[in-house]
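Undergrad: This is the structure alone, sequence omitted:
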């Protein structure tokens, strides 16, 4: 029950987040980290004041850069089996899964474009 051949789905899809594929023997396993989960994970590293959501190109690039860490998180959740994954073999990574893992997101290649003034949050 070990996952191999992880890859980020950079193709067109209608899911709002990072979509990954892996293999459990001959079975294809899909994993997903929602955009908001990626936002929380990135913000926990950036310690920025204002929230700026990631765009698809950004979270796909972060997924590729951090694939080893994501593999460990997805594999740990997958190995817990159907009892803990209601959608088994689909694995949805939650903020709690990331927190428990202790994995740190590498943001060294993240490029954020400044938002136009009209989009800045007023506090």
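TA: That came through, no problem. In this text the structure is predicted, and so the values were computed from the model without any measurement.
Undergrad: what's the helix or strand where residue 41 lies in contact with?
TA: Using DSSP states H and E, residue 41 maps to helix 35-46. The contact list for helix 35-46 (CB atoms under 8 Å, 6 or more residues apart in numbering) reads 16-18, 33, 51, 53-54, 59, 62, 93-95, 98, 104-105, 107, 110. To be clear about C-beta, it is placed using only N, CA and C from the backbone, and glycine gets the same treatment.
Undergrad: Pull out the buried positions in the worst-scoring helix or strand of the chain on mean pLDDT.
TA: Ranked by mean pLDDT, DSSP states H and E, the helix or strand of the chain with the weakest confidence is helix 35-46, at a mean of 80. Under the neighbour-count criterion of 16 or more other CB atoms under 10 Å, helix 35-46 has 35, 37-39, 41-43 buried.
Undergrad: Who are the packing partners of the helix or strand that the helix holding residue 41 is followed by?
TA: Next along the chain after helix 35-46, taking DSSP H and E as the criterion, comes helix 56-65. Packing contacts for helix 56-65, counted by 3 or more CB pairs under 8 Å, 6 or more residues apart in numbering; DSSP states H and E, involve strand 4-8, strand 17-24, helix 35-46.
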